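Participant: After the sequence you'll find the predicted model.
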Amino acid sequence: MNKFKQIIAFFSIVFLLSSCEEVIELNLDTAAEKYVIEATLTDQANGARVLISKTKSYSSTNDFAGVSGAVVEIEDQLSNVTRLTESAKPGVYLNATLKGTPTQTYKLRITIAEQVFTATCTMPAVVALQDVYPYELNLFDGPRLFTHVKYTDPIGVKNFYRFIEYKNEVYTKSIMATNDEFTDGRTVNQTIFPFDFDEESKLKKGDKIKLEFLTIDEPVYKYWFSVDNGAQGGGDSAAPANPVSNIKGGAIGYFSAHTIQSKEYTVQ
Amino acid sequence: MTSNFFKLALFSLGFILLTISSTSAQQIFKISGQVKSGDAQIEAATINILGAKQKVMADSLGNYSVELKPGNYTFVISAVGMTTLRKTVKVTKNAILNFELEDSANNLEEIVISTARDDRSLASPQMGTERLTMKTVKNIPLIFGERDILKAIQLLPGIKSAGEGGAGIYVRGGSSDQNLILMDDVPVYNAAHLLGFFSTFNPDAVDDITVYKTGMPSQFGGRLSSVLDIKMRQGETEKFSASGGIGLISSKLTLEGPIQKNKSSFIISGRRTYVDALLRLSPDSTINQNTLYFYDVNGKADFQLGENDKLTFSGYLGSDKLGLAKTFGLSWGNGIASAQWRHIFSQQLSSSTIASYTSYQNKIEVNTGIDNVRIFSQLKDWGLKQNFFWQASDKNLVKFGFNSIYHTVTPGEITSEGVSSYNPVNYQERFSLENAIFASSDWQASEKLNIGFGLRLTGFSVLGGGDFLTVSPEGDILNSTYYKKGDFVKTYLNLEPRLSLSYLLNQQSSVKASYVRNVQNMHLISNSTSSRPSDKWLPSSLMVKPEISDQFAVGYYRNLFDNAFELNVESYYKTMDNQIDYRDGAETFNSDNIETQILYGIGRAYGLEVLFKKKKGDFTGWLSYTLSKTERKIGEINGGNWYNARQDRTHEVALVGSYQLNKKWNLNASWVYYTGDAITFPTGKYNMDSQTFFYYTERNMYRMPAYHRLDLGANLQLKQKKNYSSELSFSLYNAYGRKNAYTIEFREAENDPTKTEVVRTSLFQFLPSISYNFKFK
């Protein structure tokens, strides 16, 4: 329904014509710091990666220092525990060889000082990525190209997907996650919407597009769905709220064990 | 279950009827008749008979009856919005005596602003009521120059606008779905056009609105916080006329006249906006292919069949259409039809019977070439409402009757054509039967004390034809049971007592008190602040319980300087049960398991409302002030503590004035001020997925900036001829260009991505409008 929201927003604006934007100052309290955990495990090498940082005041700058000295471990179904080691960059914990296996469940355990955070995630089965291609749609800012992703959803099981688009090797920041509630068993052509409908986000001739196609489990889908519906700083959601996390222990973020495939194309 | 229902019903009816004291007559004559104004019957007029120390109320058809000893009496007839009439009568025999009242707006040369209260309001136990006629609305500057009655009432105390320029309202701490909006007694489920910037009420078709903020008469029920009783105009029975208006955004045309002179009449009124025509003028091909308009059509036909019967048929059809090139289409609208039969059985007893149909539907179409999908949802009601008006004695007017509604909710049907990524989906339809019986009595207990009591018994039956869930407090499905179509899944019975008292302190002032309970079984699922056409109504189910509110109110009313001024002060305390909110990250589109996404809680609201009004003279107007608090306590939101509801605005002020400069010019202005809405702002930020997100702690702990705005307006009466008159209306919305915050958003600073900036979006600075209105007769 993301599409729908943008369209409504657009019509509000066109209709109002005279709307005006202005930067203002606000005096807001700063809540106590919280740990922020972004943990992924994929079915590829170099996919085990955990970033740990902290929340900070909204008025401070957007450089988020990593949190060093944490013990980060991932445990598989056979109780094999693998430790991720902190890289040269503080707060970034990696393991180059740890690979997940689809359908297996993994446990994440992080100890920072006295605090312990845990999460469990099941890596879903692979769903074949069939095609990634541009297709023109005539939406509210006229015809423009949208990346489309083609795959065939397995029938009779719940599936959840996430799409990550890079334009000329830069992540476009568009958060796209979907389920198969309406597409169970269908061949799906998913439209990837840009973060903003502005001139800059238009796909132009020569742009190199890379699309990553992830199969994710339900709690991780819920995380991205709720990010899209409230944690991005405003809009008309009745009450913005923090995304629904699968991490226990009071941290923000997620632990996602997912499969990943990617395809590239160049805009002609 | 059903037999219990009827037992309770009979018991409560009996209770009411027993309270009626009948007087035994000696040597008396019966005087009866009708109170009218032109063709319109005057509802609930009060007839005070000086010399007999008696007072009677006319029923909804304007009929009254009184028994008097022979002698000379002065009849003082008053009604809301009407000039009080005095007539001296000598009673020597049984007689029929009709009274003709004039609209109080008419007798001051031109038009006067009045929220229409006169002497009557002091003695009547009815409180928390405001009435606005279209004539009043004419002299208030309104956005787009559209005399929208739902926006005009936002200038009255206790009634808050749900958003800039919008028709949505909050009444005494309620949500916008808790208002019962009636178009000639039939509920309207979505009263918004164009995302709320217009209401579904075409100003040319509306006669008046009565708003009940508390003490709702027992014939009304089904919503928690208010009743907006909107009456549509009846066609003129004397001669044909055509009237209309041409504005910047919309145009209107109304035709009316007799079908059979003085016996039957018709009126048909249409309105259409042409924003899309403006879009089409744009040279930009990306804009001129888009569609954006709405229309509505109101029609009504009245037939007077003999002296005792009247039939009225009315209908409404309205629709909005938005389209993006040929790729995306969205349309929504209401359709309403009703037939009403009014019958007079005797001078004491009359009745009104209304059979009605009302529906709201919306449709989304997507045609991208690779996906062709249609999503359809609908709510429809078949209803029957029976009212009886019984003048039980000269001091007691009894109203009783029943109301039945059969609801069918089609929450969503997804169909696709040709190649598509989507499966067809049909969410389960929901059927329910809402029955109510009611009775009330307005009783003059003594010369100074008036008592109104009423009872309403509501039975809401959830009917089968689908799966019904039970859900744990954590939102997990515990059980799902299939019920056959027609099975009773659950019946919720609720008794709604209504009690009001008024005590006349003297000729100029009175005090009143009331208690009212309301029950609501249709709930709007809306997870955004603005009203969306795709918002859906959800009937009570096994998990979703009826919402219940209890309100206590007291008030003081005073007329000053020979009724030139009036002062009303009311205070209320209201509690609300079974209020609905959503879990974090709720998905509300799938209605089959919507109950897993909902949180339940309670609410409370209290406040003080002051209205000071100047009713007479060239300068008229009012000052309204509301001091209030509105809170919710829902599930684990804010740690299970009370928190401010979004519409919690501590102070709210409206100042409205109209000055009749001369016969031609009327100048008017309004100024509003209110404390900003309670809102959730971030208390931190973090980095995730290589972008910045915001961290939230408590719900609604911050405030939007205070809102204030001045609107100016002027009406110019152009030359009037015998059969043609016209006028021009000018208005300037937000005359000093205050940048009121519509939204406040947090984002990466445009010129320094390392910083976060706060962006305020405001709408409508200096929005002028002009419209031309005409009438041929």
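Facilitator: Here it is on my side, so go on.
Participant: Which residue ranges of the chain form helices?
Facilitator: Using chain A here. For chain A, the helices defined by DSSP state H occupy A:2-16, A:218-228.
Participant: Chain B is the one I meant
Facilitator: So, for chain B - with DSSP H - the helices run B:2-18, B:119-123, B:134-138, B:149-152, B:275-281, B:285-288.
Participant: Which of the ones you listed has the lowest mean pLDDT?
Facilitator: Looking over these, mean pLDDT reaches its minimum on helix B:2-18, with a mean of 36.
Participant: so the nearest residue to residue B:682 once chain neighbours are set aside bridges to which residues?
Facilitator: Leaving aside its sequence neighbours, residue B:682 sits nearest to residue B:694 (Cβ to Cβ, 6 or more residues apart in numbering or on different chains; 3.5 Å). (C-beta placed from N, C-alpha, C; glycine too.) On the basis of DSSP bridges, residue B:694 takes part in beta bridges with residue B:685.
Participant: Tell me the backbone dihedrals of residue B:472, please.
Facilitator: phi -70, psi 160 (degrees, to the nearest 10).
Participant: in chain B, which ranges drop under the pLDDT threshold?
Facilitator: For chain B, the stretches flagged by pLDDT under 70 are B:1-27, B:38-41, B:43-44, B:60-61, B:80-83, B:102-121, B:165-166, B:277-289, B:527-531.
Participant: tell me the centre residue of it?
Facilitator: The structure's chain B has its C-alpha centroid closest to residue B:228; by Cα atoms, centre = their mean the separation is 2.5 Å.
Participant: how close does the spatially closest residue to it that is not a sequence neighbour get to residue B:188?
Facilitator: Leaving aside its sequence neighbours, residue B:228 sits nearest to residue B:181 (Cβ to Cβ, 6+ apart; 4.8 Å). For residue B:181, the distance to residue B:188 equals 5 Å [Cβ to Cβ, to the nearest Å].
Participant: I'd assumed residue B:747 was in contact with the residue nearest to residue B:682.
Facilitator: No: counting by Cβ atoms under 8 Å, residue B:747 is not a contact partner of residue B:694; they are 9.7 Å apart.
Participant: got a list of what residue B:631 touches?
Facilitator: B:603, B:604, B:605, B:642, B:643, B:644, B:645, B:648 (Cβ atoms under 8 Å, 6 or more residues apart in numbering or on different chains).
Participant: one more time with 10 Å
Facilitator: B:173, B:576, B:602-606, B:641-645, B:648, B:678, B:700 (Cβ atoms under 10 Å, 6 or more residues apart in numbering or on different chains).
Participant: what does residue B:713 give?
Facilitator: Applying Cβ under 10 Å, 6+ apart, the residues near residue B:713 are B:138-142, B:145, B:658, B:666-670, B:729-733, B:735, B:769.
Participant: Same check on residue A:59?
Facilitator: Residue A:59 neighbours (Cβ under 10 Å, 6+ apart): A:25, A:26, A:27, A:28, A:30, B:685, B:755, B:756, B:757, B:758.
Participant: Up against chain A, what does the stretch 101-250 of chain B have?
Facilitator: For the stretch 101-250 of chain B, the contact set with chain A under Cβ under 10 Å from any Cβ of the partner chain comprises B:163, B:164, B:165, B:194, B:195, B:196, B:197, B:249.
Participant: follow-up on the earlier one: for residue B:181 and residue B:188, list the residues in contact with both.
Facilitator: With Cβ under 10 Å, 6+ apart as the test, residue B:181 and residue B:188 both reach B:199, B:200, B:201, B:228, B:230.
Participant: most surrounded residue in those residues?
Facilitator: Using other Cβ atoms under 10 Å in any protein chain shown as the neighbour test, the shared contacts of residue B:181 and residue B:188 are led by residue B:201, with 30 neighbours.
Participant: my guess is that one meets residue B:252, correct?
Facilitator: No: Residue B:201 is beyond contact range of residue B:252, at 11.8 Å (criterion: Cβ atoms under 10 Å).
Participant: Confirm for me that residue B:443 is in contact with residue B:391.
Facilitator: No: with contact defined as Cβ under 10 Å, residue B:443 does not reach residue B:391; the gap is 11.9 Å.
Participant: okay, the two: which has more neighbours?
Facilitator: Neighbours of residue B:443 and residue B:391, each counted by other Cβ under 10 Å, are more numerous for residue B:391; the result is 23 against 20.
Participant: What separation is there between that one and chain A?
Facilitator: 49 Å (Cβ to the nearest Cβ, to the nearest Å).
Participant: How about that residue, nearest residue that isn't a chain neighbour?
Facilitator: Spatially, and ignoring its direct neighbours in sequence, residue B:391 is nearest to residue B:348 (4.7 Å; Cβ to Cβ, 6+ apart).
Participant: How about residue B:775?
Facilitator: Closest residue to residue B:775 apart from its sequence neighbours, by Cβ to Cβ, 6+ apart: residue B:243 at 3.9 Å.
Participant: Repeat that for residue B:584.
Facilitator: Nearest non-adjacent residue to residue B:584, counting by Cβ to Cβ, 6+ apart: residue A:241, 4.6 Å away.
Participant: Please report how far the one you found lies from residue B:159.
Facilitator: The gap separating residue A:241 from residue B:159 is 29 Å, by Cβ to Cβ.
Participant: Between the two, which is the more surrounded one?
Facilitator: residue B:159 (26 against 20).
Participant: I'd say the more buried one and residue B:226 touch.
Facilitator: Yes: Residue B:159 is within contact range of residue B:226, at 7.8 Å (criterion: Cβ under 10 Å).
Participant: Between these two, which contacts overlap?
Facilitator: With Cβ under 10 Å, 6+ apart, residue B:159 and residue B:226 have common neighbours B:153, B:169, B:170, B:171, B:172, B:179, B:211, B:213.
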